[in-house]
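>>> show me how the following folds:
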Amino acid sequence: MKRFVYGMLVTVSLVWAQSSKTVTPEEAMLAYQEVVKKLKDEFVQPIDEKRLMDSCLEGMVNSVDKNGRYFNEEEYETLYLSNTPVAGVGLFLAQKRHHIFVKSVVEHSPAYKAALQKGDEIIQVGSYLVRDLNFEEVIAELRGAPNSKVKITFLKPNTTKPVEVTLTRKEVNINAVTSLMYEGDIAYVKVSSFMQEGFGEMLEDIRYLYDAQEQRIKGMVLDLRDNPGGNLNIGLAVTGLFLENDKLILNVKSRNKDDKRYYKNRLEEYEMSDYAEKIEKLSFLKTVPLIVLVNRDSAGGAEIVASVLQEYQRAKVIGTPTYGKDTFATLFPLSSRVSAVKFATARWSTPKGKSVWPSGVVPNIEVKPSNDASEDNVLDQALSILHQK
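You can find the predicted model right below:
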């Protein structure tokens, strides 16, 4: 434990060293021990030292990278080391001003069957009030062993009466790709996240639509709304589907200014050579009229696709400005105990050197979503434009 605390405080001192006064590891260690002792001796309630340590590490990472994460033993074991299935309730959440809201619900999931909807505010999970937890702790409380139960209390929009439900955790299957045809030979493809297995599914879906339409697709809508990103290579591969070969897709640089990488539209550069034959049969994608849909929750890889295709004038982007994340993160397991930290280690920009931070991808046509959940005015706008071509 002492070795772990000391290692943590060495890192703290490195962060503090950016200030006007350099703090040595020894000084940091003394400060930490003094604060812990004061809390243990004087705080109005008993102190959970493990949670205090976890919060300290989480705060350290977040102080330099708001998207960074510290994974304690349970989280790291569950997410990265264990072969035991992890179950959930089918909720995608978003944090806004210290409140946790439902961003979307997986169809046929426990949450879907309990009628939770986008915009609902989660106020309690199990015995914990959400206000007493950070975002990652809320996620962790929702996950658990298959068939175990979790109680959730939430508020519907514009109401003050809490709704309480008990859900049974299940292994939730998420469809990474949804596709269909609209009138006028317009293909619609929604990609919910850039997962490794999802790219092949996307290619198969597009090929099916193409063949079913007797190879007559006059336009396409690529829906990246609520897509948080994911695997970098998948984001590059999706972008490359719509560009000529050898086009520059991305500039990447790390903290070391001399450490730069340039990704061009070559399958071997983003490890997609196994898909070469399938991609070749979809060469029409390089010229088909294209519209990309985005919103505030389009981030990471989704922003790569939207910004690069927009910059090359290969696609029109419609919706609202995106999240604005221009970094890649790396996971670093800690040697002191079974835990890890994950934070930004590289930054990307478009072929012309443009960053999406902090404003996000600004759409060619900004359309705010309708308040009526049964309407999709953003998609309607895209279809209207493609029908006119």
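
>>> once you drop chain neighbours, what's closest to residue 212?
In this structure, residue 212 finds its nearest non-sequential neighbour in residue 181, 7.3 Å apart by C-beta to C-beta, 6 or more residues apart in numbering. The way it works is simple: take the backbone N, C-alpha and C, and place the C-beta from them, glycine included.

>>> helix or strand right after the host helix or strand of that neighbour?
Using DSSP states H and E, residue 181 maps to strand 177-182. Going down the chain from strand 177-182, the next helix or strand is strand 186-191, by DSSP H and E.

>>> could you list every helix and strand in contact with that following strand?
strand 177-182, helix 196-212, strand 219-223, helix 377-387 (3 or more C-beta pairs under 8 Å, 6 or more residues apart in numbering; DSSP states H and E).

>>> mind redoing it with 10 Å?
Contact analysis of strand 186-191 by 3 or more C-beta pairs under 10 Å, 6 or more residues apart in numbering; DSSP states H and E lists strand 177-182, helix 196-212, strand 219-223, helix 232-241, strand 290-294, helix 301-311, helix 377-387 as its packing neighbours.

>>> on that earlier part again, beta partners for the residue nearest to residue 212?
When assigned by DSSP bridges, residue 181 has beta-bridge partners residue 187.

>>> domains in this structure, by residue range?
Domains of the chain are assigned by automatic domain parsing as 2-79, 86-168, 177-324+359-387.

>>> and the longest one, how far from the chain's centre?
For domain 177-324+359-387, the distance from its own C-alpha centre to the chain's C-alpha centre is 16 Å (C-alpha atoms, centre = their mean, to the nearest Å).

>>> now the second one
Relative to the chain's own centre, domain 86-168 is displaced by 18 Å; criterion: C-alpha atoms, centre = their mean.

>>> picking up where we left off before, identify each buried residue in the strand holding residue 181, please.
177, 179 (16 or more other C-beta atoms under 10 Å).

>>> what angle do it and strand 186-191 make?
Going by axes from the mean of the first three to the mean of the last three C-alpha atoms, to 10 degrees, strand 177-182 is angled at 170 degrees with respect to strand 186-191.

>>> neighbouring contacts of strand 177-182?
Strand 177-182 is contacted from outside by 107, 186-193, 195, 197-206, 208-210, 212-213, 217, 219-221, 223, 379, 382-383, 386-387, using C-beta atoms under 10 Å, 6 or more residues apart in numbering.

>>> which of those residues are buried?
For the contacts of strand 177-182, a burial check counting by 16+ other C-beta under 10 Å picks out 186-193, 198-199, 201-203, 205-206, 209-210, 217, 219-221, 223, 379, 382-383, 386.

>>> what's the spacing between the residue lying farthest from the centre of the chain and residue 48?
Farthest-out residue of the chain from its mean C-alpha position, per C-alpha atoms, centre = their mean: residue 41, at 40.6 Å. Remark: distance between residue 41 and residue 48 (C-beta to C-beta, to the nearest Å) = 15 Å.

>>> ok, now residue 127?
Counting by C-beta to C-beta, the gap from residue 127 to residue 48 is 14 Å.

>>> quick one, which of those two is more surrounded?
Neighbour count, other C-beta atoms under 10 Å: between residue 127 and residue 48, residue 48 has more, with 10 against 7.

>>> how about the secondary structure of the most centrally placed residue in the chain?
Centroid check for the chain by C-alpha atoms, centre = their mean gives residue 228 as the closest residue, at 3.0 Å. Secondary structure, DSSP: H, G, I helix; E, B strand; the rest coil: residue 228 is coil.
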